[in-house]
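S.K.: Let's see this in three dimensions:
(3 chains)
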Amino acid sequence: MNPHVDFHAFAPEIVLTVTIVAVLIADLFTDDSKLPARIAALGVLGSLVPVLTLAVDGQTRSLFGGAFVVDPFSLVLTGFFLVAGYVTLLLSFDYIGEGDYYQGEFYVLLLTSLLGMIVISSARDLISIFVALETITIPTFVLAGWRKHDTKSNEASLKYFLIGVLSSAVMLYGMSLVFGLANSTVLVDIHKYASGHTPALFAVAVFLTLVGFAFKVSAVPFHFWAPDTYEGAPTPVTAFLSVASKAGGFVALLTIVRLGFFPSGNSWQPILWVLAAASMTLGNLAALRQTNIVRMLAYSSIAQGGFILVPLAVAGDVRGNAAWQAVVIYILIYGAMNLGAFAAVIAAARRTRSAEISRLAGFGRTNPAIAVMFSVFLFSLAGIPPLAGWFAKFVMFRAVFDANTTVAVVLGVIAAVNSVIAFFYYSGVVRRLWFDEPAAGVELSSPRLPVGLSAAMGLMTAVILVVGVYPQFFARLGEIAFQRG
Amino acid sequence: MTVVLFFIFGALTIGGALGVVLARNPVHSALFLVLTLVSVAVLFLLQDAQLVAAVQIIVYAGAIVVLFLFVIMLLGVDQTEPFAEPLRFQRPVALALGAILLAEVLLLAGHRWATGAKTARGVGITGGAFGSNIQRVARVLFTTFLWPFEITAVLLVIAVIGAVVLARRSAQTPDSESESAPRSGS
Amino acid sequence: MQLNEFLILAAFLFCTGAYGVLARRNGVLVLMSIELMLNAVNINLVAFSAFTKNVSGQIFALFIITIAAAEVGVGLAIVLLIYRNLHSPDLDEVDQLKG
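M.R.: Here you go, the predicted structure:
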């Protein structure tokens, strides 16, 4: 009766959980803010080791009746989440350590959210996906409100919390109907059910589930919480929310659509189509009007979310795995670009003490190194070759052409128009960095950057340049993810 | 008998829910919430889901509502709130939700569930005896769903830590302006 | 006892909760309304579970109850924090951020 437990399969999660406990205990016995941070960073890197050994082993491990699966897909994404988590830690060290809000629990909460993400990449049933999603979001509610005396941060936290819980309730209502119809919570069984003739009620169930996910990935029209939360939260937390947490939502969405709802295309394709088109268009148009760099990046990440949804929306008409690969590749590249952009915002804010775009005028003359990397991230987000962003857009458009249906082509045209709009506001910031005169009274010189922040920016710049020039690297990861192990 | 009980407690559930959303006084809302939660627990018992019913009473009606009441009393917000002045976009949203509800109720009413059989009272799922529902739930919970169970354990610990971190008064000085306070070196 | 009766009851409960989320301005009451929606989900799950004799529905409900407790704990801590800074749990007062 005892369930068979394959501890090797769980090793990344176990290492991370042990790290969480270790950080908690270390924080209890020391006033030194560096020790918990070091343990956290070491633990995240340590969890990458079993990911590698599992990858070398190469065997697909399916446990608990198919509810937990370790396959190339889950390994690629686990690796991505751990690296993104490590970079977030690099961003946080000095921001959290130096501010007036230091508490060692910051790292504990960050790591727990990360644990939820690596659980979600191997979760293959509705209950595991739900529990993992909540493990991702509940710690981030607290992190968003980290600056406790700042009412803006409080507001960010409250809005994020109420929307997060509401979206869970809507999603669960949809999932409960899916369970009732398919008589199982395991995605494989739902896939079997969806292959047959499905009643109209299934479409309602899928609709409610996807609306819940749309809140989680802040797709238009369920996006309104994101800019406020991103602006109010501490900036490293915003980077984490906009990259890792959002990617967690997309991974769950991809898993549930690909392995669960897929055969019943009419129930999910129109919804994702509308979400993709609306997110790209409204996200970009709103980003054009922003004067605050964090809010601009918030709307930009909503628009980028729309681009990620494009291949998902046309996946039903694409043969093979091209569409799924496009989603994974886009997520990987988006993660590098956006983490880099937020790192640059943190670095710039240390100098300008402000998040207003106007205060960045002439920044390139006084701080050329930061400004060069900032420009790399922004141009990559805009999709300019030879930076990695172009390859993300390329695989997206390739999926659209593979689908080659009228609806897919219309969506492709919308995406193309939006790529052009996006170029304007990204390049607007770059122009301000390099060609505008510094505003009077802005003091731009200050002590040098902390090591963690510089390392994070350097690392992300390197990834963007290397992947932009040799896209085969991420393309291969995308292929591996959907190989049968 | 079960039909009568269903209608009594179904009505109480909806009545309590309306009380929660319509009561002017937050304390009354919390008490209406207890009514709904207990009625829902009875509905669970009607379907032989004893464990869920017990957990519903212990966790929801016991712990969660007490927490709600505690915060309401602590904040001293036990006075009435104005009930007018909704958000501008509220009406269209409420209308849209109403339309979705209507569509769904019609679908549910029209949907023929597999066999159209009555719910399985005392058959298969429980075998009748009180303990067997719990045994069956436990067997599946600790085999098939062992993994989410363990993750939930971590999550609960972290939720406690998070709540304490937010709620405790720290000795640190309020400094709302510092976007990031650079210090020399590092 | 038909399955549909439970499902229709749950649908009404869900929409009552959704109305509460939209209509109430007090953070604590919005959270209570969301609890109503989660109860609707649990009624659905238990009804399906009894109907199809598949016990995983009840387990899903147990997970939802447990995690709802965790959410309420964190949520009320946030409300408490806001009240301490603004002396009001009213959401309309919390509008520093545009949007």
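
S.K.: going on from the lowest-mean-pLDDT helix or strand in chain B, what's the next piece of helix or strand?
M.R.: Within chain B, no helix or strand scores below helix B:90-110, which has a mean of 69 by mean pLDDT, DSSP states H and E. Counting by DSSP states H and E, the next helix or strand C-terminal to helix B:90-110 is helix B:130-141.

S.K.: anything in that next one near chain C?
M.R.: Yes - against chain C, helix B:130-141 shows contacts by C-beta under 8 Å from any C-beta of the partner chain at B:R136, B:V137, B:V140, B:L141. Placement of C-beta: from N, CA and C, glycine included.

S.K.: In these, which residue is surrounded by the most others?
M.R.: B:V137 (25 neighbours; other C-beta atoms under 10 Å in any protein chain shown).

S.K.: residues in contact with the closest residue to that one other than its chain neighbours?
M.R.: Once flanking residues are discounted, B:V137 sits nearest to B:L51: 5.1 Å by C-beta to C-beta, 6 or more residues apart in numbering or on different chains. Residues near B:L51 by C-beta atoms under 8 Å, 6 or more residues apart in numbering or on different chains: B:N133, B:I134, B:V137, C:Q58, C:L62.

S.K.: Stretch A:130-140: how far from the chain's middle?
M.R.: 14 Å (C-alpha atoms, centre = their mean, to the nearest Å).

S.K.: ok, now stretch A:53-68?
M.R.: 24 Å.

S.K.: Now that stretch: buried residues?
M.R.: For stretch A:53-68, the neighbour count (16 or more other C-beta atoms under 10 Å in any protein chain shown) marks A:L54, A:A55, A:R61, A:S62, A:L63, A:F64, A:G65, A:G66, A:A67, A:F68 as buried.

S.K.: In those residues, find the pair that's most separated.
M.R.: Farthest pair in these (C-beta to C-beta) is A:A55 and A:G65. Separation: 24.1 Å.

S.K.: For chain C, which segments count as helices?
M.R.: C:3-23, C:27-52, C:56-86 (DSSP state H).

S.K.: quick revisit: can you put the contacts of B:L51 in JSON lines and add distance to A:A226 and pLDDT?
M.R.: Formatted as JSON lines, the contacts of B:L51 follow (distance: C-beta to C-beta, whole Å; pLDDT from 0 to 100):
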{"residue": "B:N133", "distance to A:A226": "43", "pLDDT": "81"}
{"residue": "B:I134", "distance to A:A226": "43", "pLDDT": "84"}
{"residue": "B:V137", "distance to A:A226": "38", "pLDDT": "88"}
{"residue": "C:Q58", "distance to A:A226": "35", "pLDDT": "92"}
{"residue": "C:L62", "distance to A:A226": "32", "pLDDT": "94"}
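
S.K.: Most neighbours among those residues, which one?
M.R.: Going by other C-beta under 10 Å, C:Q58 tops the contacts of B:L51 with 29 neighbours.

S.K.: could I have stretch A:399-406 exported to PDB, CA atoms only?
M.R.: Presented in PDB, the C-alpha positions along stretch A:399-406 are these (Å, rounded to 0.1, in the frame of the first residue of the first chain):
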ATOM      1  CA  ALA A 399       4.400  29.200 -35.100                       C
ATOM      2  CA  VAL A 400       1.800  31.600 -36.600                       C
ATOM      3  CA  PHE A 401       3.000  30.700 -40.200                       C
ATOM      4  CA  ASP A 402       3.000  27.000 -39.400                       C
ATOM      5  CA  ALA A 403      -0.600  27.300 -38.300                       C
ATOM      6  CA  ASN A 404      -1.500  29.200 -41.500                       C
ATOM      7  CA  THR A 405      -5.200  29.700 -40.800                       C
ATOM      8  CA  THR A 406      -7.000  33.000 -41.300                       C
END
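
S.K.: what's in contact with that stretch?
M.R.: Contacts of stretch A:399-406 (C-beta under 8 Å, 6+ apart): A:310-311, A:314-319, A:322-323, A:326, A:408-409, A:411-412, A:415.

S.K.: hmm, try it at 7 Å
M.R.: Here stretch A:399-406 makes contact (C-beta atoms under 7 Å, 6 or more residues apart in numbering or on different chains) with A:310-311, A:314, A:317-319, A:322-323, A:326, A:408-409, A:411-412.

S.K.: Over to stretch B:132-151?
M.R.: Stretch B:132-151 is contacted from outside by A:3, A:64-65, A:67-68, A:119, A:127-128, A:131-132, A:135, B:48-51, B:126, C:55-56, C:58-59, C:63, using C-beta under 7 Å, 6+ apart.

S.K.: Let's see which of those residues end up in strands.
M.R.: A:F68 (DSSP state E).

S.K.: Separate out the buried members of the contacts of stretch B:132-151.
M.R.: Among these, the ones that count as buried by 16+ other C-beta under 10 Å are A:64-65, A:67-68, A:119, A:127-128, A:131-132, A:135, B:48-51, B:126, C:55-56, C:58-59, C:63.

S.K.: Spatially nearest residue to C:N54 (excluding sequence neighbours)?
M.R.: That would be A:N183: by C-beta to C-beta, 6+ apart, it lies 5.5 Å from C:N54.

S.K.: Turn the helices of chain C into TSV, including distance to A:P236.
M.R.: Formatted as TSV, the helices of chain C follow (distance: least, C-beta to C-beta, whole Å):
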stretch	distance to A:P236
helix C:3-23	31
helix C:27-52	26
helix C:56-86	19
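
S.K.: Please identify the most buried of the ones you listed.
M.R.: Among the helices of chain C, helix C:27-52 has the highest mean neighbour count (mean count of other C-beta atoms under 10 Å in any protein chain shown), at a mean of 27.

S.K.: Quick check, B:L67 in contact with C:L76.
M.R.: Yes - the pair B:L67 / C:L76 is scored as a contact, 6.0 Å apart, by C-beta atoms under 7 Å.
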